[in-house]
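> coordinates only, no sequence provided:
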């Protein structure tokens, strides 16, 4: 027996995922499918698989599976893409949408122009578990800042980001004994007032073009260490995000775009 699953490929600042509306197309074994579909040569090619579903606590739910099949608690870029998907596919007419994630309920504010979602602002919640962290890997010593944005991050500021071999050091830090559940790693360079260049090694996906929660963690770490104020543009390989850490509420707000790349379908052979 065969069935068709329709999907949409989207990206936020180059962080690309495969999106499936499970209200219409139920998915079994998403861990396995994320590995198969994310493969760049034999699959669709992506950083992972995102499932849009129902929720009894919010307007919709989001589940995220990395390219290695592991499940992530939160993804800022994916949440912005879901906001665009929901509005432009007619699943909602609201410009304020609540999203149920494994790291809690997130609020999406859709900025609509001529019937299209231009940018999305996401309430990413309060940062947690913030502390300075000396660490050594590959014979190199670093001092980083750990920040949780619903998922764990290690932010390391350097003088020149071009000197960092992310492909080599990234997996060593992700799997460091200090982090038994593994960790996302960001290297960042302060460029000028209000601008920071950042590159990311994502837990379960490796080098990606961007990371929304990583951008938030970097902005928080910069503010904590006096390297920037509370509003920062984080410039990543795939694009920029504006991050604001509100002093009154302690919430982090992320604003950026979302792009619909293409629609497609997968023919499944169910046994």
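Noted; the coordinates are in hand. Everything numeric in this text was worked out from a predicted model, so none of it was measured.

> let me see the domain layout of the chain.
Domain assignment for the chain by automatic domain parsing gives 2-122+257-269, 128-250.

> at the geometric centre of the protein, which residue do we find?
Nearest to the mean C-alpha position of the chain, by C-alpha atoms, centre = their mean, lies residue 75 at 3.2 Å.

> ok, now how distant is that one from residue 7?
Distance from residue 75 to residue 7, counting by C-beta to C-beta, to the nearest Å: 17 Å. (Each C-beta comes from the backbone N, C-alpha and C, glycine too.)

> same question, residue 151
Counting by C-beta to C-beta, the gap from residue 151 to residue 7 is 24 Å.

> was I right about residue 152 contacting residue 144?
No: with contacts defined as C-beta atoms under 8 Å, residue 152 does not count as touching residue 144, sitting 11.6 Å away.

> from residue 163, how far out is residue 106?
From residue 106 across to residue 163, the span is 35 Å (C-beta to C-beta).

> these two: who's more crowded?
Applying other C-beta atoms under 10 Å to residue 106 and residue 163 shows that residue 106 carries more neighbours, namely 23 against 9.

> can you pull the contacts of the residue nearest to the more buried one when sequence neighbours are not counted?
Closest residue to residue 106 apart from its sequence neighbours, by C-beta to C-beta, 6 or more residues apart in numbering: residue 99 at 4.6 Å. Residues near residue 99 by C-beta atoms under 8 Å, 6 or more residues apart in numbering: 58, 59, 60, 61, 62, 79, 82, 83, 105, 106, 107, 108.

> residues in a beta bridge with residue 99, which ones?
For residue 99, the beta-bridge partners are residue 60, residue 106 (DSSP bridges).

> do you know the pLDDT at it?
If you check residue 99, the pLDDT there is 97.

> equivalent analysis for residue 92, please.
pLDDT, read off for residue 92, is 98.

> quick one: it and residue 82 touch, right?
No: taking contacts as C-beta under 8 Å, residue 92 lies outside contact range of residue 82: 10.4 Å.

> any residues in contact with both of these two?
Counting by C-beta under 8 Å, 6+ apart, the residues touching both residue 92 and residue 82 are residue 60.

> of the two, who's got more company?
residue 82 (32 against 17).

> pretty sure that one sits in a strand.
No: under the criterion used here (DSSP: H, G, I helix; E, B strand; the rest coil), residue 82 is helix, not part of a strand.

> let me know the secondary structure of the closest residue to residue 93 other than its chain neighbours.
Leaving aside its sequence neighbours, residue 93 sits nearest to residue 87 (C-beta to C-beta, 6+ apart; 7.5 Å). Per three-state DSSP, the local secondary structure of residue 87 is helix.

> pLDDT value on residue 87, please?
98.

> where do the strands sit along the stretch 101-250 of the chain?
Using DSSP state E, counting those that start in this stretch, the strands of the stretch 101-250 of the chain run over residues 104-113, 116-123, 128-137, 140-148, 152-157, 184-192, 195-202, 206-208, 231-236, 239-245.

> ok, how many other residues are close to residue 186?
30.

> OK, contacts around residue 83?
By C-beta under 8 Å, 6+ apart, the contact set of residue 83 is 97, 99, 108, 110, 117, 120, 122, 258.

> taking these, tell me the two that lie furthest apart.
Farthest-apart pair in the contacts of residue 83 is 99 and 117; separation 14.1 Å (C-beta to C-beta).

> I'd say residue 2 and residue 266 touch.
No: using C-beta under 8 Å as the test, residue 2 is too far from residue 266 to be in contact (10.4 Å).

> so for the helix or strand harbouring residue 19, mean pLDDT?
Taking DSSP states H and E as the definition, one finds residue 19 inside strand 15-21. Per-residue pLDDT values across strand 15-21 average out to 97.
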